[in-house]
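Asker: Starting from these lines, generate the structure:
(2 chains)
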Amino acid sequence: MLMKRRIAAMVGKAATEAQRQGALPPGPVPEIEVERPQNPEHGDFAVSLPLKLARAARMSPMAIAQRLAPLLPTEESILEVNIAPPGFLNFSVRQQWLQAQVEEVIREGERFGNLSQELPQRVQVEFVSVNPTGPVHVGHARGAVLGSGLASILAAAGHQVTKEYYINDAGAQMSAFYRSLYARYLQALGREAAMPENGYMGDYLVELGKEVASEYGERLAGMPEVEAVSATGKLGLEKMLALIRADLSSIGVTFDVWFSETSLYQSGQYQETMELLKQTGYLAQREGAIWFASTLLGEDKDNVLVRSTGEPTYFASDIAYHRHKFLAQGYDRVINIWGADHQGHVSRLKAAVGALGVEPKRLTIIISQLVTLKQGTEAVRASKRKGNIVTLRELVEEVGADACRFFFLSRSPESQMEFDLELAKQQSADNPVYYVQYAHARIASILRLARERRLNWSGGDVTLLVDPAELDIIRKMLHLPELIETMAERLEPHHLPRYAMDLATAFHWFYQQCRVVSSEPSDHAITLARLKLVDASRIVLARCLSLMGMAAPEWM
RNA sequence: GCGCUCGUAGCUCAAAUGGAUAGAGCGCAGCCCUGCGAAGGCUGAGGUCGCGGGUUCAAGUCCCGCCGAGCGCACCA
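Answerer: I've put the predicted structure just below:
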């Protein structure tokens, strides 16, 4: 059990015991929160319960702290408790316990940091889901990295996670894509063909058109137009998806499921969903269209599900998709990551999910703010239709996958960011990611040297690790499981890069302070102990890097 | 106009749940390798946490107002 939990339990018990003895007046005890003080002088953990109890108990916080402290079972020889004004209970772990944790880390190896949930959830994380009408660009990269990082963290926290990509392969945008590609294909064959209105003007479609032309020649052009458009489009869709998949996997973003919107119609799930909605009484027919009466559920307005043309809207298929997620697939929890431009869609989808009889709380939608592109001082709007986008591919080529991941992973989803490719290129050279990876490479180098000298540190005596720099690393390593817990609870992967930096700093400082591999015979024992610590540091650092989806290099 | 999100160091961003002295990277001024990787370590300068109220023992964090930015307010997705 995490030390944090143990302390919370101890304090809770002490509080009820104090009330039983009459040392504290009876009354409800608030949930006990265990914090990590910033200032090391305040120990390793802090509890501010006395401050919170003071008013109700009509006692000074210090007095409460003084009555609670003796009731805490410190004889475990793990913890030391101090009372600090204005009423904190500060806990410090004992050195021996810290030292022993080095063995613990090594024992757990690459599983270190993993949590086991009493009630593991089946969680689906759906993210990116870029329309397959064009390549992935920088804006999407943010959600992609966020989603994959979040999925790793939830899995580490003990949940069963599925990463899913929703392919919007139906609807008006897709048909515009089909027609655009068909025009480009004809043009590639040297024929006159006008681009459709609202067509996709990007160069990538010109390329795609040429590709189709070189692979299929005149064959498609010879077909009746409707069939030709459809056949060309389907080829284009497959090619586009392959491209998207490849680009995403170049920054370590992969999916377990690629779910097709069209399949909702083919499998009858769409029809079933509409039937279900009809039964709930939330459907309304008016002006020739079918509406979802979301105003009945407190929404600002109703929304069209089926246009007067008979065509379903995106909203309709999205409801069917979410019925699929919850009712067919049976996920306990679904997390969608959307760009801020879809923010207006959040509450109505939740309302619709509720109408299907699913507790809306089971659906979490994380809105990540859009990335605004900048060229010098000028803001540029990224548009797939107009074709002025910085693609993910360009970004990865210029900046590198690891730097790219670290960059996006470091920022909280709600931060609005400006992205300047020139600046990103320039910054990639001194990107903090290398600081973390350098620590790992340095460790690998130390361990290489030790092996060359035939040193076996498995019997190293951890009680020799007493230098503040050594103890600092151990303390820092032990933060990881707690961090995974809070990141999983709050769905905030962005704490991880910073933690990795902190851990690397602790290691670099240790390296500066303590000679690890020493040739002095009298240093043999401490050398083995330190090698053990270095090995443990490697494990934790590598775990961070792997959770972030980045390489843990042995050399740089 | 209404709704959602954001405003922290010169720049890019943190601050875990409301906690004790607001941090890091880059940039800037210095210092440290004749033993394990200097892509490193150390020191320093740099802040009215957009502005004004409020709640609280305690507010960058919660509430209200104002200013500013992004996004949304379709029978688009």
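
Asker: Would you mind giving both backbone torsions of whichever residue of the stretch 201-350 of chain A sits closest to RNA strand B?
Answerer: Proximity to RNA strand B, evaluated over the stretch 201-350 of chain A using CB to the nearest atom of the strand, is greatest for residue A:344 at 2.3 Å. To be clear about C-beta, it is placed using only N, CA and C from the backbone, and glycine gets the same treatment. Torsion angles at residue A:344 (phi, psi; degrees, to the nearest 10) stand at phi -70, psi -10.

Asker: so how far is residue A:152 from the closest residue to residue A:135 other than its chain neighbours?
Answerer: Computed as CB to CB, 6 or more residues apart in numbering, the closest residue to residue A:135 that is not its neighbour in sequence is residue A:391, at 4.8 Å. Separation of residue A:391 from residue A:152 (CB to CB, to the nearest Å): 25 Å.

Asker: and what of residue A:469?
Answerer: Residue A:469 sits at a distance of 30 Å from residue A:152 (criterion: CB to CB).

Asker: now swap in residue A:468 and tell me
Answerer: 32 Å.

Asker: Repeat that for residue A:491.
Answerer: Look at residue A:491 and residue A:152: by CB to CB, they are 12 Å apart.

Asker: Comparing those two, which residue is more hemmed in?
Answerer: residue A:152 (22 against 16; other CB atoms under 10 Å).

Asker: Just to be sure, that one is in a strand?
Answerer: No. According to DSSP: H, G, I helix; E, B strand; the rest coil, residue A:152 belongs to no strand; its state is helix.

Asker: what's the neighbour count on the closest residue to residue A:175 other than its chain neighbours?
Answerer: Closest residue to residue A:175 apart from its sequence neighbours, by CB to CB, 6+ apart: residue A:233 at 7.8 Å. Look at residue A:233: counted by other CB under 10 Å, it has 23 neighbours.

Asker: what's near enough to touch residue A:233?
Answerer: Residues counted as contacts of residue A:233 (CB atoms under 8 Å, 6 or more residues apart in numbering) are A:174, A:175, A:177, A:178, A:179, A:181, A:182.

Asker: For the stretch 251-400 of chain A, what lies in contact range of RNA strand B?
Answerer: Contacts of the stretch 251-400 of chain A with RNA strand B, taken as CB under 7 Å from any atom of the strand, map to A:287-289, A:300-301, A:304, A:307-309, A:311, A:313-315, A:340-345, A:367, A:369-370, A:372, A:381.

Asker: Show me those that map onto helices.
Answerer: If you go by DSSP state H, those have A:314, A:315 in helices.

Asker: Can I get the buried ones among the residues of the stretch 251-400 of chain A next to RNA strand B as something I can paste into ChimeraX?
Answerer: In ChimeraX, a selection of the buried entries from those looks like this (16 or more other CB atoms under 10 Å):
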select /A:289,304,313,314,315,345,367,369,370,372
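
Asker: In strands, which of the residues of the stretch 251-400 of chain A next to RNA strand B fall?
Answerer: The members of these that map onto strands under DSSP state E are A:289, A:304, A:367, A:372.

Asker: can I get those in a markdown table with pLDDT and distance to residue A:205?
Answerer: Output for these, formatted as a markdown table (pLDDT from 0 to 100; distance: CB to CB, whole Å):
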| residue | pLDDT | distance to residue A:205 |
| --- | --- | --- |
| A:289 | 94 | 32 |
| A:304 | 95 | 30 |
| A:367 | 94 | 30 |
| A:372 | 79 | 24 |
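
Asker: Tabulate the residues you listed (JSON lines), appending distance to residue A:333.
Answerer: Putting those into JSON lines (distance: CB to CB, whole Å) gives the following:
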{"residue": "A:289", "distance to residue A:333": "33"}
{"residue": "A:304", "distance to residue A:333": "29"}
{"residue": "A:367", "distance to residue A:333": "17"}
{"residue": "A:372", "distance to residue A:333": "31"}
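
Asker: right, and out of those residues, which lies closest to residue A:452?
Answerer: Residue A:452 lies nearest to residue A:372 out of those, by CB to CB, at 51.4 Å.

Asker: what about the closest one, distance to residue A:415?
Answerer: 12 Å.

Asker: quick one: the strands in the stretch 251-400 of chain A?
Answerer: Assigned by DSSP state E, counting those that start in this stretch, the stretch 251-400 of chain A shows strands spanning A:257-260, A:283-286, A:289-292, A:303-306, A:333-339, A:363-368, A:371-375, A:378-380.

Asker: could you list every residue that touches residue A:36?
Answerer: Contacts of residue A:36 (CB under 8 Å, 6+ apart): A:44, A:45, A:46, A:479, A:482.

Asker: Check the nearest residue to residue A:96 once chain neighbours are set aside and give its pLDDT.
Answerer: Leaving out its chain neighbours, the residue that sits closest to residue A:96 by CB to CB, 6+ apart is residue A:463, at 6.9 Å. Per-residue confidence (pLDDT) for residue A:463: 96.

Asker: Around RNA strand B, pick out the residues from the stretch 51-200 of chain A.
Answerer: The stretch 51-200 of chain A comes close to RNA strand B at residues A:51-52, A:54-55, A:61, A:84, A:86-88, A:90, A:131, A:168, A:171-173, as judged by CB under 7 Å from any atom of the strand.

Asker: any idea which residue sits dead centre in chain A?
Answerer: In chain A, the residue lying closest to the centroid (CA atoms, centre = their mean) is residue A:150, at 2.2 Å.

Asker: Residue A:336 against residue A:362, yeah?
Answerer: No. Counting by CB atoms under 8 Å, residue A:336 does not reach residue A:362; the two are 11.6 Å apart.

Asker: which one of the two has more residues nearby?
Answerer: Taking other CB under 10 Å, residue A:336 and residue A:362 do not tie; residue A:336 has more neighbours (26 against 18).

Asker: and that one, bridged to which residues?
Answerer: Under the criterion DSSP bridges, residue A:336 forms beta bridges with residue A:126, residue A:365.

Asker: could you pull out the strands for the stretch 101-250 of chain A?
Answerer: Counting by DSSP E, counting those that start in this stretch, the segments of the stretch 101-250 of chain A that form strands are A:122-126, A:160-167.

Asker: of the contacts of residue A:36, list those near RNA strand B.
Answerer: A:46, A:479, A:482.

Asker: List the contacts of the host helix or strand of the last one.
Answerer: In this structure, residue A:482 sits in helix A:479-490 according to DSSP states H and E. In this structure, residues lying in contact with helix A:479-490 by CB under 8 Å, 6+ apart are A:2, A:4, A:36, A:112-115, A:153-154, A:156-157, A:159, A:492-493, A:495-496, A:499, A:540, A:543-544, A:547.
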